[in-house]
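Peer 1: okay, here's the prediction I keep looking at, along with the sequence it came from:
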Amino acid sequence: MKRLKNKKVNRLNALIIGLVTLFSFQVNAQIDTLQLKKEARSLLREGNELYNKQKFDEASIAYRKALGKDSKYDKAAYNYGNSLYQNKNYKEAVSQYELTTKTSKDKVAKAEAYHNIGNAMMEQKQYQQAVDAYKNSLRNNPNDDETRYNLAVAQKELKKEQQKQKDDKNKDKNDQNKDQNKDKKDDKKDQKDKNDENKKDDQNKDKKDGDNKDKKDQDKDPKDNQNKDQQNNQNKKDQKQQKPQPGKMTPEQMKQLLESLNNEEKKTQKKMNVKKSKGRKVKQEKDW
C-alpha cells in the first residue's frame, strides 16, 4: 500500500511541476511580448520625431524596426505608409495602409488608411481604385467631408479617363477605316499605274516595230530600189504613150480603121458578083 501511495505522490508532484513550468513559460512569454511591444512603441515615437523633421527615410527605418518587434502594430504600419508616401513610394505605401485596414479595430483609423490608399491611387492615376478606396473610407467614417470631396474628384477624373478611352477607341477605328480606304486607293493607283505601264510598253513596242521596219527598208539593196524606180518610170511612160493625143490617132485606132475599110471592100465585091450571075438561082446571103 505504501508503494502505491508513493506512485500517486510522484504523479501529483509531476503534475504540479508541469503546471508551474507552463505558467512560468506563459509569464515569460507575456513578459517578452510586453517588452517587444514596449520597444515597438519606443521605435514608433522615434519614427514620429524623424517624420515631423521631414526625415522620411530615417523615419521609415524606425517604423520598419517597430513592425519587426510587433508585426501587427497597426499604428507603425500606418505611419510607415505615410513616410513611404512622402517619398513618393506610392505602391509600397498602399501595402502598409492595407495592413492597417486589416489589423486596426478602430473604424476611424481604418477610414484614414482607406483615405490615404485613395490618395496614393490618385497619384498613380489609378482612378477606379481611388474611387473604391474613398468609398470604403466613407463606409467607416461617413462624416468625413474631405474624403467625400476627394471621391468627387476621383469620379470626375475616372469619367474623363473613360471618355478618353472611348474617344481613342473611336479614333483607332476611324484610323483603321482610313487605312483600309487608303489601301484600296493605293490598289487602284497601282492598277492604274500598271495599265499605264502596259499601254506605254505597247506604244514602245509599236514604235520599235516601226523603227525596225524603217531600218529594214534602209537595209535593202539600193539596186532593188533603183530597179523599182525604173520600172515605175517605164510604166508611167507606156501609159503616157497609150493615151490619145489631140489631132493624132493611136496605132490601135489605125488598125481598127483598116479593118473597117477591108470589110466594106468585101461587101462591095460581093454585090458586084451577084449582078454578074443574074438568072441563076443562088442562095442569097443577107447582110442586114
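Peer 2: Here it is on my side, so go on. Fair warning: this is a prediction, and the values are worked out from it, not measured in the lab. Numbering: from 1, shown residues only.

Peer 1: from now on I want contacts and neighbour counts done on CA atoms only, so please keep to that.
Peer 2: Fine.

Peer 1: could you tell me how many residues sit around the spatially closest residue to residue 74 that is not a sequence neighbour?
Peer 2: Excluding the flanking residues, the one nearest residue 74 by CA to CA, 6 or more residues apart in numbering is residue 100, at 4.9 Å. Counted with other CA atoms under 10 Å, residues neighbouring residue 100 total 27.

Peer 1: and the pLDDT for residue 100?
Peer 2: pLDDT, residue 100: 93.

Peer 1: where does the stretch 151-288 of the chain have low pLDDT?
Peer 2: Of all residues in the stretch 151-288 of the chain, those with pLDDT under 70 make up the ranges 206, 209-229, 232-250, 253, 268-288.

Peer 1: so where do the strands sit in it?
Peer 2: Assignment of strands within the stretch 151-288 of the chain using DSSP state E, counting those that start in this stretch yields no ranges at all.

Peer 1: related to what we said a few turns ago, helix/strand/coil for the residue nearest to residue 74?
Peer 2: Following DSSP: H, G, I helix; E, B strand; the rest coil, we place residue 100 in the helix state.

Peer 1: what's the answer for the one 5 residues further on, then?
Peer 2: Reducing the assignment at residue 105 to three states with three-state DSSP gives coil.

Peer 1: next, give phi and psi for it.
Peer 2: Note on residue 105: backbone dihedrals following degrees, to the nearest 10 are phi -100, psi 0.

Peer 1: repeat that for residue 104.
Peer 2: According to degrees, to the nearest 10, residue 104 has phi -80, psi 140.

Peer 1: just the pLDDT for it.
Peer 2: pLDDT, read off for residue 104, is 90.

Peer 1: list the buried residues in stretch 146-162.
Peer 2: 147, 148, 150, 151, 153, 154, 155, 157, 158, 161 (16 or more other CA atoms under 10 Å).

Peer 1: just the ones of the residues you listed in helices?
Peer 2: Assigned to helices by DSSP state H, the following of these qualify: 147, 148, 150, 151, 153, 154, 155, 157, 158, 161.

Peer 1: right, and the third one touches residue 134 too?
Peer 2: Just to be clear, that refers to residue 150. Yes - with contact defined as CA atoms under 8 Å, residue 150 reaches residue 134; the gap is 7.3 Å.

Peer 1: what sits closest to residue 84 if chain neighbours are left out?
Peer 2: Spatial nearest neighbour of residue 84, excluding adjacent residues (CA to CA, 6+ apart): residue 93 at 5.2 Å.

Peer 1: neighbours of the one you found, just the number please.
Peer 2: The tally of other residues near residue 93 (other CA under 10 Å) stands at 24.

Peer 1: residues touching it, list them.
Peer 2: Residues near residue 93 by CA atoms under 8 Å, 6 or more residues apart in numbering: 80, 81, 82, 83, 84, 85, 117, 120.

Peer 1: look up how far residue 62 lies from residue 97.
Peer 2: In this view, residue 97 and residue 62 are 17 Å apart by CA to CA, to the nearest Å.

Peer 1: report how many residues lie close to residue 263.
Peer 2: When neighbours are defined as other CA under 10 Å, residue 263 has 10 of them.

Peer 1: that one and residue 257: what is the separation?
Peer 2: For residue 263, the distance to residue 257 equals 10 Å [CA to CA].

Peer 1: then residue 161?
Peer 2: According to CA to CA, residue 161 stands 121 Å off from residue 257.

Peer 1: quick one on the thing from earlier: can you list the contacts of residue 93 in JSON lines and add distance to residue 177?
Peer 2: As requested, the contacts of residue 93 are arranged in JSON lines below (distance: CA to CA, whole Å):
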{"residue": "80", "distance to residue 177": "52"}
{"residue": "81", "distance to residue 177": "49"}
{"residue": "82", "distance to residue 177": "49"}
{"residue": "83", "distance to residue 177": "51"}
{"residue": "84", "distance to residue 177": "47"}
{"residue": "85", "distance to residue 177": "45"}
{"residue": "117", "distance to residue 177": "42"}
{"residue": "120", "distance to residue 177": "40"}
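
Peer 1: let's have those in TSV, adding secondary structure and distance to residue 104.
Peer 2: Shown next, in TSV, are those (DSSP: H, G, I helix; E, B strand; the rest coil; distance: CA to CA, whole Å):
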residue	secondary structure	distance to residue 104
80	helix	15
81	helix	14
82	helix	16
83	helix	19
84	helix	19
85	helix	20
117	helix	15
120	helix	20
